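Chemist: take a look and give me a structure for this.
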Amino acid sequence: MLTHPRVETVIFMMGINDIGWPDSVLDPHAVAPSADDIIAGYKQLIARSHDHGIRIVAATLTPFNNAFGGGPLEGYYNDEKEAKRVAVNDWIRNSGAFDGVIDFDKVVQDPDSPNKILPSFDKGDNLHPNDAGYKAMAESIDLGVLAAQ
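Modeler: The predicted structure follows:
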């Protein structure tokens with residue numbers, strides 16, 4: 001992205017696998033990053049983007065309670081991982097480090113259980129949105145946030 005000509009703005013949504021994979025069958029021996037570790041990585045990406053004159057807009061991490069629960073990927077979600085997601089999202093929303101924020105977490109979360117994706121937006125794995133979820137996410141974007149200032 002940094003060397004692609006004419007890029008002005010990037011929408012950045014990354015980190016849920018960094019939180020979910022450790023301590024699961026996907027990476028059972030990995031050292032789980034802290035929320036501060038993930039945020040430090042974000043800060044590096046922000047600096048590199050800005051060094052290339054590129055705006056970077058963050059999207060919050062969506063709910064993932066019981067992601068892959070009951071299947072071979074059991075362990076992707078737990079309360080400690082949820083606390084990291086909440087801390088990362090809080091930093092995304094409130095740090096002012098990004099050039100804009102798109103709050104996909106609020107768009108797809110179940111209002112009765114904010115750590116879960118709304119059932120009507122769930123693809124069936126408690127992690128990925130379905131077509132209706134992605135449509136709601138797309139429609140939630142304020143295009144003014146993407147405009148170069």
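Chemist: lowest mean pLDDT among the helices and strands of the chain, which one is it?
Modeler: Each helix and strand of the chain was given a mean pLDDT (mean pLDDT, DSSP states H and E); the minimum falls on helix 143-146 at a mean of 87.
Chemist: pull out the buried positions in that helix.
Modeler: Buried residues in helix 143-146, defined by neighbour count with 16 or more other Cβ atoms under 10 Å: Leu146. (C-beta placed from N, C-alpha, C; glycine too.)
Chemist: which strands and helices sit next to it?
Modeler: When contacts are defined as 3 or more Cβ pairs under 8 Å, 6 or more residues apart in numbering; DSSP states H and E, helix 143-146 packs onto strand 100-102.
Chemist: the strand it packs on pairs with which strands, and in what direction?
Modeler: strand 55-59 (parallel) (DSSP bridges).
Chemist: and the helices in the protein?
Modeler: Defined through DSSP state H, the helices belonging to the chain, from first to last, are 16-20, 35-51, 79-94, 104-108, 131-140, 143-146.
Chemist: list the contacts of the fourth one.
Modeler: What that stands for is helix 104-108. With contacts defined as Cβ atoms under 8 Å, 6 or more residues apart in numbering, helix 104-108 is touched by 13, 59-63, 89, 117-118, 121, 129, 133, 136-137, 140.
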